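[1] what's the 3D shape of this:
(chains A and B)
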2 protein chains.
Amino acid sequence: MMSERDRLQRWRNQIGEELDRVMNFWIEHSHDQESGGFFTCLGQNGERYDDLKYIWLQGRQVWMYCRLYRKVPRFRKQEVLSAAIAGGKFLMDHGRPTAGSLKCAFVVTRDGRAVKIQRTIFSECFFIMAMDELWRTTQEERYKMEAWKTMDQIVHWVREDPSGLGRPELPGAGPVNAMAVPMMLLNLVDQLSEDNEEAARKYEELGTWSVGKILQHIQRDGKAILENVSDDGTELPGCIGRHQNPGHAIEAGWFLLRQAIAQANKTLAQTALEKFVLPPFQTGWDKEYGGLFYFQDVDGYCPTQLEWSMKLWWPHTEALIAFLLGYLETKDSQLLEHFQKVFDYTFSKFSDPEHGEWFGYLNREGKVELSIKGGPFKGCFHVPRCLYMCEEILSKLLNEHNMA
Amino acid sequence: MMSERDRLQRWRNQIGEELDRVMNFWIEHSHDQESGGFFTCLGQNGERYDDLKYIWLQGRQVWMYCRLYRKVPRFRKQEVLSAAIAGGKFLMDHGRPTAGSLKCAFVVTRDGRAVKIQRTIFSECFFIMAMDELWRTTQEERYKMEAWKTMDQIVHWVREDPSGLGRPELPGAGPVNAMAVPMMLLNLVDQLSEDNEEAARKYEELGTWSVGKILQHIQRDGKAILENVSDDGTELPGCIGRHQNPGHAIEAGWFLLRQAIAQANKTLAQTALEKFVLPPFQTGWDKEYGGLFYFQDVDGYCPTQLEWSMKLWWPHTEALIAFLLGYLETKDSQLLEHFQKVFDYTFSKFSDPEHGEWFGYLNREGKVELSIKGGPFKGCFHVPRCLYMCEEILSKLLNEHNMA
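    Predicted coordinates for the structure are as follows:
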């Protein structure tokens, strides 16, 4: 049997090589040298099938490039930095179509004209991630100002007055605590506070509030994570109340775990693993064909989303991060076995060693259903973020072995 | 070999029995005796899994009940009429949440409080269908007034000023001729004009305009129907421009065919069959597993919609209507063979003889992927409309045989 050290080493090697192949795909195919920003509608071989630019994905790619440039020596290349800066310029020039408003578009044309604006905060969230990471990479203050200013705006929309988002108030639609919102805010607090005491102080209360709002999603006597609850943390009636998204719960788990580690909060770490990571993994894993279901109904009704039983790439990348981070924190070997299970499924089903990057959408049985590598919701983000984070955690674990 | 007469007779019997089973499902499970209107979130056995009421489906069910009550003697029952009237009352009491506006909600709570409003005209279209059919069934003028008043409003939104729909104008989103809009308008002209000279005169120009806007979707030298074109009928760039929905094109085909038959317009009938029905059927039919794909890309790129390869019930019901109506008009026996092919696929895969109604969502291979019988977009409409229309057409064809 392989020693744990060898096992960690082998994973780190495989993951590092995969990260290189994945990033090569984006560097080769996605840069728009003409209008700036990134193409993300790319087919299996990297061929472009649409010019539209999705702002979530523009922000995420800028973030990813900067993060790799800043943290992983082999990506500290001018090509990576220049593309990130060009992406940041595209975001600042075209991300916000309405004069006098910080509201970002959801999608723009190749040259930056707004096509659609969502009445949510997510485009703005990824705009902030891009700007904060650009500031850390270039040390130019203007990026930080953009990030902080936009952060203040979305916190205002979420916690004080949502009217600026443009959603009508309707008598049948009470306020909903959708887990994505406090998750994104917690993730942004994590991002903005890195090695920055001023930000850490400024956003400490927001972090605590976000954790509280995420914990409200623990329902059914602690046995289930529900995506949508009422504003005071009770279960909502109907499909919306019973809706589960295992990958999202697991992602929330590692967001909470990072917060717990930063604060040396053992109780929160335990909650993250025992409530957000493990039960959604157990109930969300398809016993018949493997892989995590996209959506489930906590009472076992059939979900109404047509794609409910598909296997998407990102729930699996989030599970890889969650199990490895959980192991780093707890050294519970069960977590490594779960990691192995997801790793084997993922690398055999999603990865495309021939052309790079991963397929994103398998059918329930695990067959590639959409051959695209990028699209309106898939860009240079979940796969490289996962690989970069796993490589970093594995390196820490290997260092611990070397020190022992 | 079976004679054509026997073949038609056998289809009519099977279809008539299926219509009874389907309507029994809705009559047994969907009536809300407490708040009025219809439940449509119903599982395989008719069990209710949500209370929400989708206005498209409320309007469609009222229309279906009235139409059957009015046209098919075995459905001329007090129970059917009372449920339709109660559904109409629910629509009038709760369908329009905004004081002073004819804008309908998309979905309301069980007791009628608005949950969501779409920035399109479709809820209003099904509201009009319900009201016009209620007027024809009950002879109460107030229904007709509601229908005509709402019709004037949506025509204004479509042809003069869309600002009342609440969609922002964005520089990257030029006006699009989405085929659904002129299709719905043509369908409404057909509905409102039945045996009514005043309406026929009032809406004649709108019918002609709608036909023209639908014909703009013939693209690629007449070889393809594209769902979205520019306002002046040219192809749009990117995924939106290449998007195809075979079932929708086929449905447009029979809408056009009805218009052609009403106007004794042989050229239009030929266009309907040779452009809208046959090519989308040929290219949309899955050669490997059978059934019509939900979405396609005219250039063969992979669509970005996760459900693109699924087999939905309604493209198949529309194909059944189109082939039978086409045969009634042309007596081209090839159309009967196509009807047979779709009939066999449909009755073996979608129909649920045990509990009634049809499954709505199969995976590409033809396995039931969602076990629901009704949901946010599936109610008492496409299946019974198809069965009722096919029964009626088959009866006409059998009468012709008897006369011959």
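
[2] where does the stretch 151-300 of chain A dip in pLDDT?
    Of all residues in the stretch 151-300 of chain A, none has pLDDT under 70.

[3] run through the residues of it sitting next to chain B.
    Neighbours of chain B within the stretch 151-300 of chain A, by Cβ under 8 Å from any Cβ of the partner chain: A:Pro168, A:Leu170, A:Pro171, A:Gly172, A:Ala173, A:Pro237, A:Gly238, A:Cys239, A:Asp297. (Glycine included, C-beta is placed from N, CA and C.)

[4] closest one of the residues you listed to chain B?
    Set against chain B, the nearest of those by Cβ to the nearest Cβ is A:Gly172 (3.4 Å).

[5] quick one: contacts for the closest residue to the closest one other than its chain neighbours?
    Leaving aside its chain neighbours, A:Gly172 sits nearest to B:Arg113 (3.4 Å; criterion: Cβ to Cβ, 6 or more residues apart in numbering or on different chains). With contacts defined as Cβ atoms under 8 Å, 6 or more residues apart in numbering or on different chains, B:Arg113 is in contact with A:Leu170, A:Pro171, A:Gly172, B:His94, B:Pro97.

[6] and the residues of the stretch 151-300 of chain A next to chain B, which two are the farthest apart?
    A:Pro168 and A:Asp297 (27.8 Å; Cβ to Cβ).

[7] what about the residue nearest to A:Asn45 when sequence neighbours are not counted, how many neighbours?
    The shortest distance from A:Asn45 to any non-neighbouring residue, by Cβ to Cβ, 6+ apart, is to A:His355 (5.1 Å). By other Cβ atoms under 10 Å in any protein chain shown, 18 other residues sit near A:His355.

[8] so A:His355 touches A:Gly46, yeah?
    Yes: the pair A:His355 and A:Gly46 qualifies as a contact (Cβ atoms under 8 Å) at a distance of 6.5 Å.

[9] shared neighbours, those two?
    A:Phe25, A:Lys373.

[10] show me where the stretch 1-150 of chain A has strands.
    A:53-54, A:107-108, A:114-116 (DSSP state E, counting those that start in this stretch).

[11] so which of these is the most surrounded?
    Most buried of these by mean neighbour count (mean count of other Cβ atoms under 10 Å in any protein chain shown) is strand A:53-54; its value is a mean of 28.

[12] so for that strand, mean pLDDT?
    Strand A:53-54 shows a mean pLDDT of 98.

[13] partner strands of that strand and their direction?
    Counting by DSSP bridges, the strands paired with strand A:53-54 are strand A:107-108 (antiparallel).

[14] next one: the strand it pairs with to chain centre, how far?
    20 Å (Cα atoms, centre = their mean, to the nearest Å).

[15] contact partners of that strand?
    By Cβ under 8 Å, 6+ apart, the residues outside strand A:107-108 that reach it are A:Leu52, A:Lys53, A:Tyr54, A:Ile55, A:His94, A:Gly95, A:Pro97, A:Ala114, A:Val115, A:Lys116, A:Pro376, B:Gly172.

[16] likewise for stretch A:3-12?
    By Cβ under 8 Å, 6+ apart, stretch A:3-12 touches A:Met2, A:Leu336, A:Phe343, A:Cys390, A:Glu391, A:Leu394, A:Ser395, A:Leu397, A:Leu398, A:His401.

[17] ok, A:Gly88 to chain B distance?
    20 Å (Cβ to the nearest Cβ, to the nearest Å).

[18] residue numbers of the stretch 1-150 of chain A in contact with chain B?
    So the stretch 1-150 of chain A meets chain B at A:41, A:43, A:49-52, A:97, A:105, A:107-109, A:112-117 (Cβ under 8 Å from any Cβ).

[19] max-length helix in chain A?
    If you go by DSSP state H, chain A has its longest helix at helix A:4-29.

[20] now that helix: buried residues?
    A:7-9, A:11-12, A:14-16, A:18-19, A:21-23, A:25-27, A:29 (16 or more other Cβ atoms under 10 Å in any protein chain shown).

[21] for stretch A:156-167, same thing?
    For stretch A:156-167, by 16+ other Cβ under 10 Å, it's A:Trp157, A:Val158, A:Pro162, A:Leu165.

[22] give me the contacts around that stretch.
    Identification of contacts with stretch A:156-167 by Cβ under 8 Å, 6+ apart yields A:Ser101, A:Lys103, A:Ile117, A:Arg119, A:Thr120, A:Ile121, A:Gln153, A:Val181, A:Leu185, A:Trp209.

[23] now do the same contact list for the last one.
    Right, the one you point to is A:Trp209. A:Arg159, A:Pro182, A:Leu185.

[24] and the next helix or strand past the host helix or strand of it?
    Assessed by DSSP states H and E, A:Trp209 sits inside helix A:197-215. Remark: after helix A:197-215, the chain's next helix or strand is strand A:218-219, criterion DSSP H and E.

[25] on contacts alone, who are the packing partners of that next one?
    Helices and strands touching strand A:218-219, as assessed by 3 or more Cβ pairs under 8 Å, 6 or more residues apart in numbering or on different chains; DSSP states H and E, comprise strand A:224-225.

[26] just the CA atoms of stretch A:71-85, as PDB, please.
    Output in PDB follows, covering the C-alpha atoms of stretch A:71-85 (Å, rounded to 0.1, in the frame of the first residue of the first chain):
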ATOM      1  CA  LYS A  71       1.000  33.100  -5.400                       C
ATOM      2  CA  VAL A  72       2.400  30.500  -7.700                       C
ATOM      3  CA  PRO A  73       5.900  31.200  -9.000                       C
ATOM      4  CA  ARG A  74       5.500  29.400 -12.300                       C
ATOM      5  CA  PHE A  75       2.600  31.700 -13.300                       C
ATOM      6  CA  ARG A  76       4.500  34.900 -12.500                       C
ATOM      7  CA  LYS A  77       4.700  35.700 -16.200                       C
ATOM      8  CA  GLN A  78       4.200  39.000 -18.000                       C
ATOM      9  CA  GLU A  79       1.600  37.400 -20.300                       C
ATOM     10  CA  VAL A  80      -0.600  36.500 -17.300                       C
ATOM     11  CA  LEU A  81      -0.300  39.900 -15.700                       C
ATOM     12  CA  SER A  82      -1.000  41.800 -18.900                       C
ATOM     13  CA  ALA A  83      -4.100  39.800 -19.600                       C
ATOM     14  CA  ALA A  84      -5.400  40.400 -16.100                       C
ATOM     15  CA  ILE A  85      -4.800  44.100 -16.400                       C
END
